[in-house]
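In: with the sequence up front, the predicted model follows.
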Amino acid sequence: MKKLIAKIILTLGLILILTPSAKPQEELDSLFIIGKDILELFGQMTELTDEQEIDYGDRIAAQFNQQVTITSQDQSKVERIGNKISGYVTRSVIPYKFRVIETDEVNAFSMAGGNIWVTTGLLNTVETDDELAFVIAHEISHEDKKHNMRRVQILFRAKEFGGEEAEYFTMIAQNLATMPFAKYQEFEADEWGAYLMHKAGYDTKGALDFFEKLSKLGSDEGEKDLGYIFRTHPFTKDRISNLKKYIKNNL
């Protein structure tokens, strides 16, 4: 089993490392769709239990919390919205923990085990509960769709090899966690996030309003200098377009 896992991780690593950037966009997209399917197969074969994910995720979160400044600003609002949305998830066994980080950076992110953070910069940027609800729902979706678990899972399983070999596979696993597969996960989290906020009674227009706001903040200016396929997030304009279609056809 360990040899099979090693071969799968190595294959995925080589796909990412050896793919020439000059390939047409269509070929690259097809290649990474195949890579995503292989990664998902690997994920299903070596999936962590809910208990393992929660334990591992909470330990990582505890270390992370020591490196940032946690504040009580708007904590009750974040928890109120987050708890309302998490009432509609499919993985109800996951206990969600919401925290606010004191920083001007406009950001929100999540880790395995239901750990979610939003920054004061983001809280000062959103204008409505609907906008904030989408951001929180998006992060909840990364957990509900097992995106967070898959990242921890690869690292967790890689450590089982032991010794220097573990360090090698962990390095590849970390690359996989931030390479183009995340593009598809971001689209999925956008769509599922819109669904969850809608079920919780929030207006999905807040999702589109947030992306428009994000675009005006200048994020797209920085995106112009990066190759699309090598970004960890899709372009904001593409996320807006995709989300509009999803909302129109499904909600």
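Out: In hand now; what should we look at? Numbering: from 1, shown residues only.

In: my guess is Thr71 contacts Val118, does it?
Out: No: Thr71 lies out of contact with Val118 (C-beta atoms under 8 Å); the separation is 10.7 Å. Every C-beta, even on glycine, is put in place using the N, C-alpha and C of the backbone.

In: more neighbours, those two?
Out: Val118 (27 against 15; other C-beta atoms under 10 Å).

In: can you verify that one is assigned to a helix?
Out: No: according to DSSP: H, G, I helix; E, B strand; the rest coil, Val118 belongs to no helix; its state is strand.

In: which residue, neighbours along the chain excluded, lies closest to it?
Out: Ala108 (4.4 Å; C-beta to C-beta, 6 or more residues apart in numbering).

In: list phi and psi for that neighbour.
Out: Per-residue torsions, Ala108: phi -160, psi 150 (degrees, to the nearest 10).

In: show me where pLDDT drops low in the stretch 101-250 of the chain?
Out: Applying pLDDT under 70 to the stretch 101-250 of the chain picks out residues 155, 157-182, 218-234.

In: one more pass at 80, please.
Out: Counting by pLDDT under 80, the stretch 101-250 of the chain shows low-confidence ranges at 151-152, 154-184, 217-235.

In: what segments of it are strands?
Out: 108-111, 115-119 (DSSP state E, counting those that start in this stretch).

In: and of those strands, who's closest to Glu186?
Out: Smallest distance to Glu186 across those (C-beta to C-beta): 11.9 Å, for strand 108-111.

In: can you map out the helices along the stretch 51-200 of the chain?
Out: Taking DSSP state H, counting those that start in this stretch to define them, one finds helices in the stretch 51-200 of the chain at 75-86, 120-123, 129-144, 147-159, 163-178, 181-199.

In: got the buried residues for the second one?
Out: Residues of helix 120-123 classed as buried under the neighbour-count rule (16 or more other C-beta atoms under 10 Å) are Thr120, Leu122, Leu123.

In: now stretch 104-115
Out: Val106, Ala108, Ser110, Met111, Ala112, Gly113, Gly114, Asn115.

In: which residues are in contact with that stretch?
Out: 53-58, 60-61, 64, 86, 94-97, 99, 116-122, 125, 135-136, 138-140, 142-143, 148-149, 151-152, 214, 217 (C-beta atoms under 8 Å, 6 or more residues apart in numbering).

In: how about stretch 203-220?
Out: In contact with stretch 203-220 (C-beta under 8 Å, 6+ apart) are residues 106, 125-135, 190, 193-194, 197-198, 235-237, 239-240, 243-244, 247, 251.

In: and it, what's buried?
Out: Result for stretch 203-220 [16+ other C-beta under 10 Å]: buried residues Asp203, Thr204, Gly206, Ala207, Leu208, Asp209, Phe210, Phe211, Lys213, Leu214, Ser215.

In: how close does Asp144 sit to Val93?
Out: 11 Å (C-beta to C-beta, to the nearest Å).

In: sorry, wrong one. I was asking about Gln67.
Out: Gln67 is 28 Å from Val93, by C-beta to C-beta.

In: tell me which of these two has more neighbours.
Out: More crowded of Gln67 and Val93, by other C-beta under 10 Å: Val93, with 10 against 7.

In: please verify my assumption that that one contacts Glu53.
Out: No: between Val93 and Glu53 there is no contact under C-beta under 8 Å: 9.7 Å.

In: so can I have a markdown table of the buried residues of stretch 104-115 showing distance to Ile81?
Out: Conversion of the buried residues of stretch 104-115 to a markdown table gives the following (distance: C-beta to C-beta, whole Å):
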| residue | distance to Ile81 |
| --- | --- |
| Val106 | 17 |
| Ala108 | 12 |
| Ser110 | 14 |
| Met111 | 19 |
| Ala112 | 21 |
| Gly113 | 20 |
| Gly114 | 15 |
| Asn115 | 16 |
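
In: most widely separated two among those residues?
Out: Val106 and Gly113 (24.4 Å).

In: cheers, nothing more for now.
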